[in-house]
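Chemist: Return atomic coordinates for the entry below.
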Amino acid sequence: MRLVISFITLLSLCQVFAQNNIEYLLKAAERGDINAQRYLVDCYMTGNRGIQKNYSEAYTWIERLAENGDSIAQYELATNSDLKNIVNSRGLGQIYWLEQAANSRHPLALEDYGVFLY
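Modeler: Predicted structure coming up:
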């Protein structure tokens with residue numbers, strides 16, 4: 001019985017710890033921490049670390065990265081099928097982000113953009 005109570009207590013502590021980490025992560029991302037922003041994108045895209053899958057939130061953070069010149073984020077906006085509808089309805093469009101990623105010398109974007117232009 002004591003083991004069950006300890007296990008429940010441990011689970012509760014883990015949930016509190018996870019929630020505090022998410023809040024810390026959000027604050028760091030809002031301050032402009034690129035690694036925190038990338039991690040949030042991953043969490044929102046996959047539904048990991050206690051964050052529910054939410055493509056709209058993922059888009060918000062990945063767009064911020066892309067606007068600041070992150071070629072990986074730019075390429076992701078250009079090619080990720082899960083974000084396609086959001087990118088094309090709320091944003092500048094996938095072709096725009098492919099061009100930006102190519103201009104940033106992202107190797108796959110250079111190839112894909114060359115094929116697009118051909």
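Chemist: who's in contact with the residue most central in space within the chain?
Modeler: By Cα atoms, centre = their mean, the chain has its centre lying nearest to Val41, at 1.4 Å. Taking Cβ atoms under 8 Å, 6 or more residues apart in numbering, we find Val41 in contact with Ala58, Trp61, Ile62, Leu65, Ala73, Glu76. Backbone N, C-alpha and C define where each C-beta goes, glycine included.
Chemist: And Gln37, by the same measure?
Modeler: Ala29, Trp61, Arg64, Leu65.
Chemist: Now it. Nearest residue, chain neighbours left out?
Modeler: Spatial nearest neighbour of Gln37, excluding adjacent residues (Cβ to Cβ, 6 or more residues apart in numbering): Ala29 at 4.6 Å.
Chemist: related to what we said a few turns ago, which of the contacts of Val41 fall in helices?
Modeler: Members of the contacts of Val41 lying in helices (criterion: DSSP state H): Ala58, Trp61, Ile62, Leu65, Ala73, Glu76.
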